[in-house]
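Asker: heads up, no residue letters with this:
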């Protein structure tokens, strides 16, 4: 295992936890959504507006393929990334894949005021979260490690991710 890849639904804490994990391990931090925005020259909402979800997923595919050569990097993925193509399998080739998990209600509370979440721009965002989470759960459960983020601080979750990474790294040595 050369890297840590964090998967999970929007609002699960991937970016916040990932930055702490990277700092603690002395790794680089990479957010796939930020990488897509840089490569596309547009924000995620702009990509969705101009290219649709299919266009966004194509950018995701390109970024996932570019990650293979990374070392010592914590990768925070977009919430839907592991559910498309062979993205999850590709991440597992070079990373310990850790899923950060929370209930739909907790996720809704965390993201309810975010206006940059195109998939939640509906009349009933909580119901949309429930639907998307139910659809994505089978992929999330295929992670190497699952960590609940409810009622835990970002630091506590980061410590669990680091512990899991160190255990897996030792086991493979």
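Answerer: That came in fine, so what should we check first? Bear in mind that the values here come from a model prediction, so they are computed numbers and not experimental data. Numbering: from 1, shown residues only.
Asker: Mind giving me the packing neighbours of the lengthiest helix in the chain?
Answerer: Ordering each helix of the chain by length in residues (DSSP state H) puts helix 44-66 first. Helices and strands touching helix 44-66, by 3 or more Cβ pairs under 8 Å, 6 or more residues apart in numbering; DSSP states H and E, are helix 32-40, helix 87-94. C-betas here are computed from N, CA, C, even on glycine.
Asker: rerun that using 6 Å as the cut-off
Answerer: Where contact means 3 or more Cβ pairs under 6 Å, 6 or more residues apart in numbering; DSSP states H and E, helix 44-66 is packed against helix 32-40.
Asker: Enumerate the positions of the helix it packs on that are buried.
Answerer: For helix 32-40, burial by neighbour count (16 or more other Cβ atoms under 10 Å) applies to 32, 33, 35, 36, 37, 40.
Asker: Check the offset of the longest helix of the chain from the chain's centre.
Answerer: 15 Å (Cα atoms, centre = their mean, to the nearest Å).
Asker: ditto for stretch 59-77
Answerer: 11 Å.
Asker: Name the next helix or strand following the longest helix of the chain along the chain.
Answerer: Going down the chain from helix 44-66, the next helix or strand is strand 73-76, by DSSP states H and E.
Asker: in its sheet, what does that following strand sit against?
Answerer: strand 3-7 (parallel), strand 28-31 (parallel) (DSSP bridges).
Asker: Tell me which residues are up against the longest one.
Answerer: Judged by Cβ atoms under 6 Å, 6 or more residues apart in numbering, the contacts made with strand 3-7 from elsewhere in the structure are 14, 18, 70, 73-77, 82, 91, 94-99, 143, 165.
Asker: tell me the angle of that strand relative to helix 87-94?
Answerer: In terms of direction (axes from the mean of the first three to the mean of the last three Cα atoms, to 10 degrees), strand 3-7 departs from helix 87-94 by 160 degrees.
Asker: about what we covered before: which one of the strands paired with strand 73-76 lies closest to residue 86?
Answerer: strand 3-7 (13.8 Å; Cβ to Cβ).
Asker: angle of the closest one against helix 44-66?
Answerer: Per the same axes, to 10 degrees, the angle that strand 3-7 makes with helix 44-66 is 140 degrees.
Asker: average pLDDT for strand 3-7?
Answerer: The average pLDDT within strand 3-7 is 98.
Asker: Next: stretch 139-158.
Answerer: 96.
Asker: go on, stretch 32-41?
Answerer: Stretch 32-41 comes out at a mean pLDDT of 95.
Asker: what sits against the nearest residue to residue 12 once chain neighbours are set aside?
Answerer: Closest residue in space to residue 12, ignoring its immediate chain neighbours: residue 100 at 4.0 Å, by Cβ to Cβ, 6 or more residues apart in numbering. Going by Cβ under 6 Å, 6+ apart, residue 100 touches 8, 12, 13, 14, 147, 149.
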